[in-house]
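J.: I would like to see how this sequence folds:
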Amino acid sequence: MRRFYILLTVGALCTCFTFYYINRYGKQLGSPVPVKANIRQENKQKIQKLEGIDKYVTIDQEEMFALRCNKCAIISNSGRLLKTGAGREIDETECVIRMNTSPTKGFEQDVGSKTTIRVIGHANLKKLQSMSAILEEFFSDPKTKTKHLIVAWLYMTHVNKTSNPHYKTTRILSKMYPGISFYVPTLESMQKAELIFKKETDITRKNANTWFTTGWLTMLLAIATCKNIAVYGMLEHHHCQNHMNDPTLYHYYNPKDGKECQYYKRSEESLAWGHLFITEKAIFENWAKQAPITFHHPFWNISGTSSSSLDTPFITKYRYRYKHFQRFSKLGTIPNLHTHAHITSQSGAFQMKVILIVFCLPFLFLMGCICCF
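T.: Numbering: from 1, shown residues only. Alright, predicted model coming up:
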């Protein structure tokens with residue numbers, strides 16, 4: 001009878017501790033809790049004066065990018081531009097900025113044909129070399145060729161000018177088309193882009209395991225280059241969360257590239273790879289409250305002047321996972337979640353194992369000892 005009461009007491013204590021733990025932390029084992037990001041409420045002047053972000057230099061390192069425009073149009077590659085009839089309005093803009101390998105031929109009515117600046121992410125350079133029709137359109141045809149081509153390093157800050165294959169490709173293209181000004185970012189420009197991302201999200205790009213999108217670097221360039229910016233074909237950050245079955249194409253010129261919202265969702269919810277399309281657009285909305293940036297096709301209904309907290313899928317998921325990882329690892333810095341994916345990918349299951357180990361094993365041990373005596 002004495003052993004029975006001892007077992008009953010130990011079992012009750014184990015149960016009480018287990019319920020205490022679940023009651024205190026159990027709510028965090030389910031859906032992530034909203035987290036407010038550390039957003040800097042910069043004023044309009046600070047947004048417009050991103051010193052160093054526009055420091056691009058010609059491939060021969062002799063001339064800095066110095067173009068300045070009163071008004072710029074940034075043309076996205078989204079299928080949202082189809083059937084908008086925005087081509088004439090775009091071509092009437094003083095400076096038109098396009099991205100990557102998006103063509104205009106065959107789509108002039110909706111996207112126009114004029115190109116002042118084309119920003120190409122470095123990962124697209126090799127593909128560009130093999131696209132003869134696109135090379136003709138971008139660099140030779142007087143109606144469609146760009147005046148300035150800017151290569152954006154999507155994840156690199158230090159680039160070896162002699163051995164880097166993307167730099168070599170840029171050099172080859174610049175020699176093939178001497179009438180076009182080819183620019184590459186300076187170290188200062190890329191460091192500034194990294195710093196701005198860190199200030200806006202409170203996470204380094206490296207720890208977020210992301211590449212910058214070409215759109216992110218294009219927007220930074222436009223803010224430094226243009227007094228007024230009109231963006232065409234870019235959706236609001238919350239659109240895909242509310243319309244996951246939206247059939248709009250990711251690229252207006254290639255149906256094989258899939259649906260826009262589906263790709264955004266896959267990238268945004270990954271902690272180990274991909275672009276942060278939705279998070280970047282939430283940041284753009286905050287900037288548009290402080291600087292002359294407008295959005296068309298679709299129109300963004302932006303109100304107020306204060307920056308909103310970032311509650312995008314990536315930000316919420318990252319901070320939720322980090323919070324639990326830090327509790328058990330006792331790390332003092334934000335971890336790289338790709339490196340520690342074996343722990344963070346199943347944080348809820350991991351915590352339940354801790355519960356069993358901390359509270360239930362001692363009970364089993366004591367029960368075994370009592371039975372032996």
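J.: Just the buried residues of stretch 200-216, please?
T.: Of the residues in stretch 200-216, those buried by neighbour count under the rule 16 or more other Cβ atoms under 10 Å are 200-203, 205, 207-216. Placement of C-beta: from N, CA and C, glycine included.
J.: mind listing the strands for the stretch 201-350 of the chain?
T.: According to DSSP state E, counting those that start in this stretch, the stretch 201-350 of the chain carries its strands in the segments 226-232, 293-296.
J.: what mean pLDDT would you report for stretch 129-138?
T.: The average of the pLDDT scores along stretch 129-138 is 93.
J.: no no, stretch 243-257
T.: Stretch 243-257 comes out with an average pLDDT of 94.
J.: Regarding it, how distant is the last residue from the first?
T.: 19 Å (Cα to Cα, to the nearest Å).
J.: residues in contact with Thr170?
T.: The contact partners of Thr170, by Cβ atoms under 8 Å, 6 or more residues apart in numbering, come to Ile59, Leu125, Val151, Phe182, Val184.
J.: which of these lies closest to Phe299?
T.: The shortest distance between Phe299 and any of these, using Cβ to Cβ, involves Val151 and amounts to 31.6 Å.
J.: So what does that closest one look like in phi/psi?
T.: Summarising the backbone geometry of Val151 under the convention degrees, to the nearest 10, its torsions are phi -90, psi 130.
J.: ok, now Ile120?
T.: Here is the backbone geometry of Ile120 (degrees, to the nearest 10): phi -120, psi 120.
J.: ok so, going back, inside helices: which ones of the contacts of Thr170?
T.: When those are checked against helices (DSSP state H), the matches are Leu125.
J.: so can I have TSV of the contacts of Thr170 showing distance to Arg118, pLDDT and neighbour count?
T.: Formatted as TSV, those follow (distance: Cβ to Cβ, whole Å; pLDDT from 0 to 100; neighbours: other Cβ atoms under 10 Å):
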residue	distance to Arg118	pLDDT	neighbour count
Ile59	15	86	20
Leu125	12	89	20
Val151	10	94	26
Phe182	10	95	22
Val184	14	93	26
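J.: Can you redo the contacts of Thr170 as TSV, where the extra columns are distance to Lys227?
T.: Compiled in TSV, the contacts of Thr170 are given as follows (distance: Cβ to Cβ, whole Å):
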residue	distance to Lys227
Ile59	28
Leu125	30
Val151	25
Phe182	25
Val184	25
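J.: tell me the mean pLDDT over stretch 158-172?
T.: The pLDDT scores in stretch 158-172 average 89.
J.: Could you tell me which residues within it count as buried?
T.: Going by 16+ other Cβ under 10 Å, stretch 158-172 has these buried residues: Val159, Asn164, His166, Tyr167, Thr169, Thr170, Arg171.
J.: which residues of the stretch 251-373 of the chain score low on pLDDT?
T.: The model of the stretch 251-373 of the chain has pLDDT under 70 over residues 305-306, 322-373.
J.: And the helices in it?
T.: Under the criterion DSSP state H, counting those that start in this stretch, the stretch 251-373 of the chain contains helices at 260-268, 277-288, 313-329, 341-344, 347-355, 361-372.
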